[in-house]
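In: A predicted structure for the sequence below; I have some questions about it.
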Amino acid sequence: MALRVENATKQFGSFTAVDNLTLQVGQGQMYGFLGANGAGKTTTFRMILGLLNQTSGTITWNGKPITYESSPKIGYLPEERGLYPKMKVEEQLVYLAQLRQMPAADAKREAHRWLERFEVPHYAQKKVEELSKGNQQKIQLIASLIHKPSLLILDEPFSGLDPVNVEMLKSAILDFQKQGATIVFSSHRMDHVEELCDDMSILDKGKVVVSGSIRDVKRSFGKQNVRLKMDADLSRLGGLQGVEGFTKTHDGALFRIGQEETAQRILEEAMKLGPLRHFAIEEPTLEEIFIAKVGKAYA
Ligand SMILES: Nc1ncnc2c1ncn2[C@@H]1O[C@H](COP(=O)(O)OP(=O)(O)OP(=O)(O)O)[C@@H](O)[C@H]1O
């Protein structure tokens, strides 16, 4: 029971948008897809969903390609949001759920449950175009999961949301996963992937440059950070043997190191400079890994 993508390639003419991509997502897992604009995330999703044919490779969900017949089991939040602007919210949700073979009465009940959860029950009889962007996104998310799919694909579900709404949608997505759904989502925000996902991939120009469990990805990166908080001038410590990166922070400094013993050296030297408020060895963030692997800051 899994989503399997094996050696999938998509070419548009002579341009390779996705290049020999392989990944596997187990039943009930949350999988994160990171990549800069144009990396190939949406193209991959469209291939998984059978909306685009891959040029080569195989893609299966529970052993079979996804087709129109699988649609009651699949949910999709597309990047180019696909609601009918002039249709009323409740009517639209019920209509979309019925397309996925959910009986109208169940769809209506579920629509109201989700609208309550997202604190917008008063929008049920409003046209979608009358809602703010963030509230339209809530409706779009409800539309993607109202029929209780077992595979849910979300293309940038948190883009354009304020922090309160991000938290609201995150917790809904996590609850949906707890009920057994397999979820794949793309994001430009590393912290969202870090927080929500079991496994992840970073895509660059159609190729996977990093993949695996977040823990393994961080461990195999082989770098750590040392954070110091103290008032002394720490610039001199940036030149210590084994320090690969040094950044002044408002309350101290951050050091990039490759070897544990360098942390010891930093600590010993720092203590000679005055009283220390804080010392910690921190694992690398996905952002640092992304920059190291993709070679540029994230858009
Ligand atoms: N139908 C198409 N015809 C030609 N090129 C395409 C087509 N669809 C996508 N591409 C190209 O394939 C590449 C990957 O696009 P894709 O939309 O998959 O990227 P993405 O990672 O989802 O980017 P973003 O974060 O901007 O949404 C881009 O260079 C894009 O221009």
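Out: Structure's in. What do you need?
In: can you name the residue of the stretch 51-200 of the chain nearest to the ligand?
Out: The nearest approach of the stretch 51-200 of the chain to the ligand comes at Glu79, 5.5 Å away (CB to the nearest ligand atom). From N, CA and C alone the C-beta is placed, and that goes for glycine too.
In: so that residue: helix, strand or coil?
Out: Here Glu79 is recorded as coil under DSSP: H, G, I helix; E, B strand; the rest coil.
In: list the contacts for it?
Out: Residues in contact with Glu79 (CB atoms under 8 Å, 6 or more residues apart in numbering) are 42, 155-156.
In: for the chain, what spans make up the strands?
Out: With DSSP state E as the definition, the chain shows strands at residue ranges 2-12, 15-26, 30-35, 56-61, 74-77, 151-155, 182-187, 199-204, 207-213, 224-229, 243-249, 252-257, 278-282.
In: possible to save the ones you listed as a markdown table with mean neighbour count and mean pLDDT?
Out: Formatted as a markdown table, the entries for those read as follows, by neighbours: other CB atoms under 10 Å; pLDDT from 0 to 100:
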| stretch | mean neighbour count | mean pLDDT |
| --- | --- | --- |
| strand 2-12 | 17 | 95 |
| strand 15-26 | 17 | 94 |
| strand 30-35 | 25 | 93 |
| strand 56-61 | 16 | 95 |
| strand 74-77 | 22 | 94 |
| strand 151-155 | 24 | 96 |
| strand 182-187 | 24 | 94 |
| strand 199-204 | 24 | 92 |
| strand 207-213 | 17 | 91 |
| strand 224-229 | 19 | 94 |
| strand 243-249 | 13 | 93 |
| strand 252-257 | 20 | 94 |
| strand 278-282 | 12 | 94 |
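In: quick check, distance from the helix or strand of the chain with the lowest mean pLDDT to the centre of its chain.
Out: Within the chain, confidence by mean pLDDT, DSSP states H and E is lowest for helix 286-294 among all helices and strands, at a mean of 84. Using CA atoms, centre = their mean, to the nearest Å, the distance from the centre of helix 286-294 to the centre of the chain it belongs to is 15 Å.
In: counting contacts, what elements does it pack onto?
Out: In terms of contact count using 3 or more CB pairs under 8 Å, 6 or more residues apart in numbering; DSSP states H and E, helix 286-294 is assigned the packing partners helix 190-196, strand 199-204, strand 207-213, helix 214-221.
In: okay, these in CSV with distance to Tyr68 next?
Out: Supplementary listing: the helices and strands packed on helix 286-294 in CSV, determined by distance: least, CB to CB, whole Å:
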stretch, distance to Tyr68
helix 190-196, 29
strand 199-204, 27
strand 207-213, 29
helix 214-221, 34
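In: for Leu161, which of those is the nearest?
Out: Minimum separation from Leu161 across the helices and strands packed on helix 286-294 (CB to CB) falls at helix 190-196, 10.7 Å.
In: okay, buried residues for the closest one please.
Out: Buried positions in helix 190-196, judged by neighbour count with 16 or more other CB atoms under 10 Å: 190, 192-194, 196.
In: pLDDT check: weakest of these?
Out: Note: of those, the lowest pLDDT belongs to Met190, at 85.
In: now for the nearest residue to that residue once chain neighbours are set aside, how many residues are close by?
Out: With CB to CB, 6 or more residues apart in numbering as the criterion, Met190 has its nearest non-adjacent residue at 3.9 Å, and that residue is Leu286. The local packing count at Leu286 equals 24, with neighbours defined by other CB atoms under 10 Å.
In: how about Lys205?
Out: When counting by other CB under 10 Å, one arrives at 15 neighbours for Lys205.
In: contacts with the ligand among the contacts of Glu79, please.
Out: Intersecting the contacts of Glu79 with the contacts of the ligand gives Thr42 (criterion: CB under 6 Å from any ligand atom).
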